[in-house]
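>>> 3D, please:
(chains A and B)
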Amino acid sequence: MFTFTLDTLFFFIIITSLTGLLGRKIVFRRLSAMSATVGFAISLASLPLLYNQILASGGIVTITSELLFMRPIAACLEIDMLSIFMAAIFLFIGLMTCVYSIRFMEHDTGLVEYYTLLLIAVAGMVGVSFAGDFFTLFIFWEIMCISSYALVAFRKGKWEPVEAGFKYLIMGSAGSIIVLYAMSLLYGMAGTLNFAYLSTRLSLMSNDAWLYLALTLIIVGFGVVASIAPFHTWLPDAHAAAPSPISAMLSGIVIKAGAYALIRCLLLLFTPEQIAWQSVLAIFAIFTMFIGNFMALLQKDIKRLLAFSSVVNMGYIIFALSIRTEQGLTGGIFHIMNHAVIKALLFLCVGSFIYRTETRNLEKLTGIGRKMPVTTALFAIGALAAAGFPGLNGFMSEITIVIAGIDVGWYIPTALMLLNILFSIAYYLLLIHTFIIKRPAMNYEGIKESPKSMLAVMVILATSCVVIGVYPAPFISFANAAAKAALNIQAYIEAVIG
Amino acid sequence: MVRLLISLEIMISAANINFIAFSAYAVPGSTHPLAHALVILSIAIGGCILAIGLAITLHAYKHYKTLDVRKLKRIRW
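Got it, this is the predicted structure:
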C-alpha cells in the first residue's frame, strides 16, 4: 500500500500493542520491546530495496492508490534520494533509542503504550519524508507530533513532564495549525495540494501578498518544530523533562523532520526568482545560533544545556538551507545526519548518568568519570564531535557549510557562524573538564558502569561518529545525491505530471 | 488551560472554513471534492489534539490543583 518500509512499521504498531497484552498475561514484560525492536530492524533492513528501486527508476518513485486516477492528484507518496536519506536516519536513531529503552525504562509502567508510541512517532517521521503532497505530509506530521506530545509527558506522575508536555502541545499544535492555514491559502491560489502541481502553478503566478503570507506562515509553522529562534522555547523544557531516550529521539530526529519539511517546501514551492527568502532565513538562523549558545552557557542542568546546543545546530542547518547552493545543502543535509548521531549519543550517555545517579545537576555530576569511565569516554567522543573537533563527524559538515557560505560571498554571516562554533567549543570542553578532570563533588558509592545493552547502543553511535569523521566520502556523496535531488525541482515535477 | 485548547480548535476551524470556501473557486460551476476530504481528515486530527491535550490537562490538574495556565511556571530557564 505504502512502501514496504512504512507498511512494516504500521504492521508492527499493531503487533506491538497485541503482544503487549499477551506479555501481560504470561508475565514477560519485554515482549513488546522486542517486537518494536524487530519492527525497526526489519524496516531499516528494507530501505536498501527501496534505494535500489529509486536508482532503477531514475531518481524518484511515486506511489499512489490504484483506486484513484492514473495520475496522483492527492494522497501520493513521492520518494527521492532526500527522502530515503532522511528515512535512514529516522529508522537508525529509532532503532537505537528502542534498544536503549529496554533497560532504561524497565521500572516504568505502561511500557506497551511507550513502545507503540515510539513506533508511531517514527512511522510518522518516515511518512513525512516520503510524502508527495502537502496534505499527506500534514497527516504524517500530526501523527509524529501527537505521539511525541504523549511521549514527552510519559512520566505523568511527576510535575515536570506534564508541564513541559503541555507547553510542547500548545506550541507544537499552534505551529501545525498555522501550517494548515498556509495550506488552505496555497490551495486557494493553486487549486491543488500536490507538490508538483503546486510548484508549477505557483511559479506562474506573480508575487502577490498572499504568496508572502503563505511563505511566512510556512516558515513560522514548521519553524516551531524545527526550533528556529523565537519559537524554540518549548525545546529545552521538553528535552529536559522527557525520558532520556525520548530526548535523544526528539533532539536527534523530530526537529530534523521540521528541517526536512522546511527544505522540501521552501525549495519546491517558492523559487528565489519569485521571493528572496534566503536572506530572511539566514537572519533567523544566525539569531537562533546566538540565542542557543548564550543560553547554553548559562545552564546548570546537563540536559537543558544539550537541548540549547540542539537549537544552535538547527541554526547551522537552517543557515545551510538559506545558502541554497548544492554545496551548502550538501553540508546542511550531512549535518542533519551528523547531528542526529552526535546528539543521540550525548543524550543517551546522559541518560546512563541519570539511570545510575538520578540527578541532572552538573555540580552533582562532577567527576562522574571516575565511577563510569566507559560511558564518560563515549560522552567525551560525542562532546568533541559536537564541538567540531577535526577527525570526528561534526567537523566535516560544519566545514562544508562554512566553505559554501564563503563561496556565495556571505562573509559576515559565515563569520558569525564560525564565531558560534567557537562558542560551542567552550561549553563542550567545560563539560568534559567537569566530568573527567575535576574531583568528585559527592561520594558515589555503589554507582556502577551502565548496563551492557545501553553501553552497546552508545558504542555503536560513538563508532559511527568516528567512522563518519575518519572516512566521510561515502556519506558525503550520499548527502550530495540527496541535495541534488532536493534542488532538482524539474525532475520532481516531471515524475508526477509526466 | 481548557480555553487554550478551545482556541486551538477555533484555529483549526478557521483553516477548515478557508478550505471549504476556496473549494467553490477551484473548479468553475461546482465545488471541488478534494477540499471536503481534507477537511474531514483535519477535523479528525483536531479531535486527536484535543484528546491528548485534555489528558495532559487532567494530569496537570492533579499536580497543580488549578486550571490556570499562569500557575504552570515551575520550570526555570
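
>>> From here on, just use CA atoms for contacts and neighbour counts.
Noted.

>>> gap between whichever strand or helix holds residue A:281 and the chain center?
According to DSSP states H and E, residue A:281 maps onto helix A:278-298. Distance of helix A:278-298 from the chain centroid (CA atoms, centre = their mean, to the nearest Å) equals 18 Å.

>>> so after that helix, what's the next helix or strand?
Helix A:278-298 is succeeded, C-terminally, by helix A:302-323 (DSSP H and E).

>>> Just checking the distance from that next one to the centre of its chain.
Relative to the mean C-alpha coordinate of its chain, helix A:302-323 is positioned 11 Å out (CA atoms, centre = their mean).

>>> For residue A:400, give me its contacts.
Contact partners of residue A:400, counting by CA atoms under 8 Å, 6 or more residues apart in numbering or on different chains, are A:327, A:328, A:330, A:331.

>>> I figured the second one hits residue A:404, correct?
Looking back up the chat, that one is residue A:328. Yes: using CA atoms under 8 Å, residue A:328 makes contact with residue A:404 at a distance of 4.9 Å.

>>> Of those two, which one has the most company?
Neighbours per residue (other CA atoms under 10 Å in any protein chain shown) separate residue A:328 from residue A:404, with residue A:328 holding more: 28 against 23.

>>> Who are the contact partners of the more buried one?
Counting by CA under 8 Å, 6+ apart, residue A:328 touches A:320, A:321, A:400, A:401, A:404, A:405.

>>> Which helix or which strand is home to the spatially most central residue of chain B?
What sits nearest the mean C-alpha location of chain B, by CA atoms, centre = their mean, is residue B:9, with 3.1 Å. Assigned by DSSP H and E, residue B:9 falls within helix B:2-26.

>>> by contact count, what packs against that helix?
helix A:159-190, helix B:33-64 (3 or more CA pairs under 8 Å, 6 or more residues apart in numbering or on different chains; DSSP states H and E).

>>> quick check: angle from it to helix B:33-64?
Here helix B:2-26 points in a direction 180 degrees away from that of helix B:33-64 (axes from the mean of the first three to the mean of the last three CA atoms, to 10 degrees).

>>> For helix B:2-26, give me every contacting residue.
A:170, A:173-174, A:177, A:180-181, A:184-185, A:187-188, A:190-191, B:30-36, B:39, B:42-43, B:46, B:50, B:53-54, B:57, B:67.

>>> average model confidence for it?
Helix B:2-26 comes out with an average pLDDT of 91.

>>> what's the answer for stretch A:14-25, then?
85.

>>> in it, what counts as buried?
Neighbour-count burial for stretch A:14-25 flags A:15, A:16, A:17, A:19, A:20, A:21, A:23 (criterion: 16 or more other CA atoms under 10 Å in any protein chain shown).

>>> which one of those is nearest residue A:98?
residue A:16 (12.5 Å; CA to CA).

>>> In terms of secondary structure, what does the helix or strand hosting that closest one contact?
Here residue A:16 sits within helix A:4-25, counting by DSSP H and E. Contacts defined by 3+ CA pairs under 8 Å, 6+ apart place helix A:4-25 against helix A:31-45, helix A:111-130.

>>> Redo those as CSV? Include distance to chain B.
Listed next are the helices and strands packed on helix A:4-25 as CSV, based on distance: least, CA to the nearest CA, whole Å:
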stretch, distance to chain B
helix A:31-45, 23
helix A:111-130, 13
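
>>> among these, which is the most enclosed?
helix A:111-130 (a mean of 26; mean count of other CA atoms under 10 Å in any protein chain shown).

>>> For the lowest-mean-pLDDT helix or strand in chain A, what is the distance to the chain centroid?
Lowest on mean pLDDT, DSSP states H and E among the helices and strands of chain A sits strand A:61-64, with a mean of 79. Taking CA atoms, centre = their mean, one finds the center of strand A:61-64 at 24 Å from the center of the full chain.

>>> Please apply the same query to stretch A:401-411.
25 Å.

>>> Which residue does the stretch 201-350 of chain A have closest to chain B?
residue A:237 (7.3 Å; CA to the nearest CA).

>>> now that residue: how far from residue A:436?
Going from residue A:237 to residue A:436 by CA to CA, to the nearest Å gives 27 Å.

>>> more crowded one of the two?
residue A:237 (24 against 20).

>>> Now do the helix or strand hosting the more buried one and helix A:278-298, the angle between them.
In this assignment (DSSP H and E), residue A:237 forms part of helix A:234-241. Here helix A:234-241 points in a direction 40 degrees away from that of helix A:278-298 (the same axes, to 10 degrees).

>>> Show me what helix A:234-241 is in contact with.
A:152-153, A:160-161, A:164-165, A:167-168, A:171, A:227, A:246-247, A:250-251, A:303-304, A:307-308, B:75.

>>> Only whichever of the residues you listed are buried, select them in PyMOL.
Of the contacts of helix A:234-241, the buried ones go into a single PyMOL selection, burial set by 16+ other CA under 10 Å:
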select buried, chain A and resi 152+153+160+161+164+165+167+168+171+227+246+247+250+251+303+304+307+308
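
>>> Count the residues that sit near residue A:355.
Residues near residue A:355, counting by other CA under 10 Å, number 17.

>>> Would you mind giving the helices and strands packed on helix B:2-26 as TSV with distance to residue A:475 added?
TSV is the format used below for the helices and strands packed on helix B:2-26 (distance: least, CA to CA, whole Å):
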stretch	distance to residue A:475
helix A:159-190	32
helix B:33-64	37
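
>>> Point out the most buried one among the ones you listed.
Highest mean neighbour count among these (mean count of other CA under 10 Å): helix A:159-190, a mean of 24.

>>> What average pLDDT does the very next helix or strand once past it get?
Using DSSP H and E, the next helix or strand after helix A:159-190 towards the C-terminus is helix A:195-204. The average pLDDT within helix A:195-204 is 87.

>>> Could you do stretch A:408-426 as well?
Mean predicted confidence for stretch A:408-426 is 91.

>>> Return the set of buried residues in it.
Buried residues in stretch A:408-426 (16+ other CA under 10 Å): A:413, A:414, A:417, A:420, A:421, A:423, A:424, A:425.

>>> Can you name the residues that contact the fourth one?
Residues near residue A:420 by CA under 8 Å, 6+ apart: A:289, A:290, A:293.

>>> tally of neighbours for the second one?
The one in question is residue A:290. Neighbour tally, residue A:290, other CA under 10 Å: 20.

>>> can you check the first one too?
Residue crowding around residue A:289 was assessed by other CA under 10 Å; the count is 30.

>>> For the closest residue to it other than its chain neighbours, give me its contacts.
Nearest non-adjacent residue to residue A:289, counting by CA to CA, 6 or more residues apart in numbering or on different chains: residue A:312, 4.3 Å away. Going by CA under 8 Å, 6+ apart, residue A:312 touches A:288, A:289, A:290, A:291, A:292, A:293.

>>> go again using 10 Å as the cut-off
Taking CA atoms under 10 Å, 6 or more residues apart in numbering or on different chains as the criterion, residue A:312 is in contact with A:227-229, A:285-296, A:306, A:318, A:417, A:420-421, A:424.
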